[in-house]
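Asker: Provided below are the primary sequence and the corresponding predicted coordinates.
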Amino acid sequence: QVQLVESGGGLVQFGGSLRLSCAASGSIFSINAMGWYRQAPGKQRELVAAITSGGSTNYADIVKGRFTISRGNAKNTVYLQMNSLKPEDTAIYYCNAVNVRPTLWNSGRDYWGQGTQVTVSS
């Protein structure tokens, strides 16, 4: 079993910064990609940013230039540096791990974290 544990959410003022962290633990041989999604009240969950095991990144247009995703030295960790935060960034942020394989010979599956609240006040 694999667990994703997120941290770093909280309350910040307009224009402020936060850094989210996500650590995957458990039976892990490889992870294809990790990313962050968010869900605001009454809205669908949306991709914020993702990074592959090779380091390729993908960002939602609305966060480009403000958010940066990176992986830690321990490759089962991922960070999201969020700068110039706006009230519309307020949401629950979820960490996602794609195609987590427990061994070389087993197929993988995706996992989600429990979510961390980010609130940006105007």
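Answerer: Sure, I can see it. In this text, all values refer to a predicted model and were calculated from it rather than measured experimentally.
Asker: where does the residue of the chain most remote from its centre land on pLDDT?
Answerer: For the chain, the residue at maximal distance from the C-alpha centroid (Cα atoms, centre = their mean) is W105, at 26.8 Å. Looking at W105, its pLDDT is 93.
Asker: quick check, central residue of the chain?
Answerer: W36 (2.6 Å).
Asker: now do the SS call for that residue.
Answerer: strand (DSSP: H, G, I helix; E, B strand; the rest coil).
Asker: re earlier: ok so the residue farthest from the centre of the chain is a strand residue?
Answerer: No: per three-state DSSP, W105 lies outside any strand segment and is coil.
Asker: now it: how far from G54?
Answerer: 22 Å (Cβ to Cβ, to the nearest Å). Placement of C-beta: from N, CA and C, glycine included.
Asker: check Y111 too.
Answerer: 20 Å.
Asker: quick one, which of the two is more surrounded?
Answerer: Neighbour count, other Cβ atoms under 10 Å: between Y111 and G54, Y111 has more, with 20 against 7.
Asker: check which helix or strand that one maps to.
Answerer: Using DSSP states H and E, Y111 maps to strand 109-112.
Asker: hmm, back to that, bridge partners for the residue nearest to the centre of the chain, pull those for me.
Answerer: Assessed by DSSP bridges, W36 has beta-bridge partners A49, C95.
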